[in-house]
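Colleague: I'd like to go over a predicted model; first the sequence, then the structure.
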Amino acid sequence: MSNFKQITLLLTFILAASYISNAYAGNLYRYKDENGVTVLGLNIPPHLVGNGYEILSSSGRLIESVAPALTAEQIADRDNKEAEQVRQAMAVKKQKEEDLALLKLYSHPNDAVRVLKRKLQDIDDYISLKNGNISVVKGQLSQEETKAANRERTGKKVPDSTLNKISQQKNKIIEIEQDISVKRAEIPVISKEFDKIITRLESITKKKAKDYPFEEKVPKETSLQTSDIKKEKQ
């Protein structure tokens, strides 16, 4: 490289360095002191840096504004807001995933209504069957009680086998009644679950379920109640 080129590059470097040095050397700092008075200086006392300040050029042009350091409460508030935003974002994501899964099962709210009706009908059929069983056992119980009453009227002792049958039949009725109560308790649970499903489907599909909500068919109580049987046993 020729001496001329070397000298040219050196001068360029010196001028650039000088420009950069001059650009930053003349900066001023504007801040507030302990009394809240605005001060303009070449530097800032270290203990006041956390209060925030402004960097100005030598001509007074604002170069940068540094915000005050956050207090512990402000940091906690900021972190809480960020955490809440994360929770909300996760909730939205979870809801979208649940909606997609729901739409895979039911393309229309009416689909969910049909499933709900079928489940309630299954419960009604189960209870009807159990009530039929109770009727059968009641018939057998009536026969045994009639036998026992006839023997007592003639002054004869009622056999232990007859008394045992009567006791077993009463216990059987209690057991069936309990089964019915458990099954009947499923009705409000299933209805509430599907009400949420149908309502959500109506929201995401923008379609209304037909003939819903509908009146639930609650199975009738049996004529012989568990409480009556318990009283008879006492």
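Modeller: Nice, I can see it.

Colleague: element containing residue 63, please.
Modeller: strand 62-66 (DSSP states H and E).

Colleague: how far off centre is the helix or strand encompassing residue 134?
Modeller: Assessed by DSSP H and E, residue 134 sits inside helix 109-153. Centroid separation for helix 109-153 versus its chain: 38 Å, with Cα atoms, centre = their mean, to the nearest Å.

Colleague: begin at 17, not 1, for the rest of this chat.
Modeller: From this message on, residue numbering opens at 17, which makes the last subject helix 125-169.

Colleague: now the element after that helix, going C-ward?
Modeller: From helix 125-169, the next helix or strand downstream (DSSP H and E) is helix 176-221.

Colleague: which strands or helices does that next one pack on?
Modeller: With contacts defined as 3 or more Cβ pairs under 8 Å, 6 or more residues apart in numbering; DSSP states H and E, the secondary structure elements packing on helix 176-221 are helix 88-121, helix 125-169, helix 242-249. Heads up, the C-betas are built off the backbone N, CA and C, glycines and all.

Colleague: below-threshold pLDDT in this protein: ranges please.
Modeller: Filtered on pLDDT under 70, the chain yields the residue ranges 17-41, 231-250.

Colleague: about what we covered before: of the helices and strands packed on helix 176-221, flag the one that's most buried.
Modeller: helix 125-169 (a mean of 15; mean count of other Cβ atoms under 10 Å).

Colleague: next, the angle helix 88-121 makes with that helix.
Modeller: Helix 125-169 runs at 80 degrees relative to helix 88-121, counting by axes from the mean of the first three to the mean of the last three Cα atoms, to 10 degrees.

Colleague: on that earlier part again, looking at the helices and strands packed on helix 176-221, spot the one closest to residue 56.
Modeller: Of all the helices and strands packed on helix 176-221, helix 88-121 sits nearest to residue 56, with 27.2 Å by Cβ to Cβ.

Colleague: follow-up on the earlier one: kindly export the strand holding residue 79 (C-alpha atoms) in CSV.
Modeller: Output of strand 78-82 as CSV, limited to C-alpha atoms (Å, rounded to 0.1, in the frame of the first residue of the first chain):
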residue,chain,number,x,y,z
LEU,A,78,-33.4,14.8,23.8
ILE,A,79,-31.3,11.7,23.0
GLU,A,80,-32.7,9.1,25.4
SER,A,81,-35.1,9.0,28.4
VAL,A,82,-34.4,6.4,31.1
